[in-house]
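A.B. asks: Following is a predicted model, sequence given first.
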Amino acid sequence: MDTIERSLIVFKPDAVQRGIVGEILSRFEKTGLKIVGAKMLQPSYDHYFHHYEKIGKMISRRGQKAFDVTLSMMNEGPVIAFVLEGVEAIALIRKMVGVTEPKSALPGTIRGDYSHMSFGHADLNEVGIPNILHASGDKEEAAQEIAHWFSETELFTYTTAHEKFTQTKK
């Protein structure tokens, strides 16, 4: 079983507009996660539809209104997408990011430290949750999302100084 995984993270418009992407990205790098892909873009409706519904099943799980509100928020500006790689990266990233609802995210997590809105407030005001970033939920989702956001030629293989201490002998 290979424990080296790749995960997609997407810094949402609220993170880009607040100028906190570098600060947060450095938290991932400090744990030893490696950036293997990066780009800034403003995805189309079709791109987001594939991401949120075809992969994430948002309309199926939460309804059309939640999807529409999310897409409206995601279209407020560009996003920055990264593929991070490391030992059990998906679970590590999810732990660092915190739960989806910022109000419930623990201090020390990215959402707990950089956002605070509740689902109730967002629903009452019919706005999306500015929760800084998206992170893949599991291996299957990560593989689908990475293939959707990045081509193989946009992903890189290289060795970092940190890997010297985390790679196993084969």
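C.D. replies: Looks like it arrived, so ask away.
A.B. asks: what residues are up against residue 130?
C.D. replies: 12, 14, 73, 102, 115, 117 (Cβ atoms under 8 Å, 6 or more residues apart in numbering). Heads up, the C-betas are built off the backbone N, CA and C, glycines and all.
A.B. asks: what about residue 60, distance to residue 98?
C.D. replies: With distances defined as Cβ to Cβ, to the nearest Å, the gap from residue 60 to residue 98 amounts to 24 Å.
A.B. asks: ok, back up a step: just the buried ones from the contacts of residue 130?
C.D. replies: Of all the contacts of residue 130 considered here, the ones buried according to neighbour count by 16 or more other Cβ atoms under 10 Å are 12, 14, 73, 102, 115, 117.
A.B. asks: ok, now how distant is the second one from residue 89?
C.D. replies: Translated: residue 14. Applying Cβ to Cβ, the value for residue 14 to residue 89 is 24 Å.
A.B. asks: Now for residue 163, how many residues are close by?
C.D. replies: Using other Cβ atoms under 10 Å, the number of residues around residue 163 comes to 15.
A.B. asks: For the least confident helix or strand in the chain by mean pLDDT, output the C-alpha coordinates as PDB.
C.D. replies: When the helices and strands of the chain are compared on mean pLDDT, DSSP states H and E, helix 163-166 comes out lowest with a mean of 75. Backbone C-alpha positions of helix 163-166 (Å, rounded to 0.1, in the frame of the first residue of the first chain) are rendered in PDB as follows:
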ATOM      1  CA  GLU A 163      11.500  13.700   1.400                       C
ATOM      2  CA  LYS A 164      14.900  12.600   2.500                       C
ATOM      3  CA  PHE A 165      13.500  12.000   5.900                       C
ATOM      4  CA  THR A 166      10.100  10.500   5.000                       C
END
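A.B. asks: who touches it?
C.D. replies: 32, 34, 86-87.
A.B. asks: so where's this structure uncertain?
C.D. replies: Per-residue confidence of the chain (counting by pLDDT under 70) places the weak regions at 1, 167-170.
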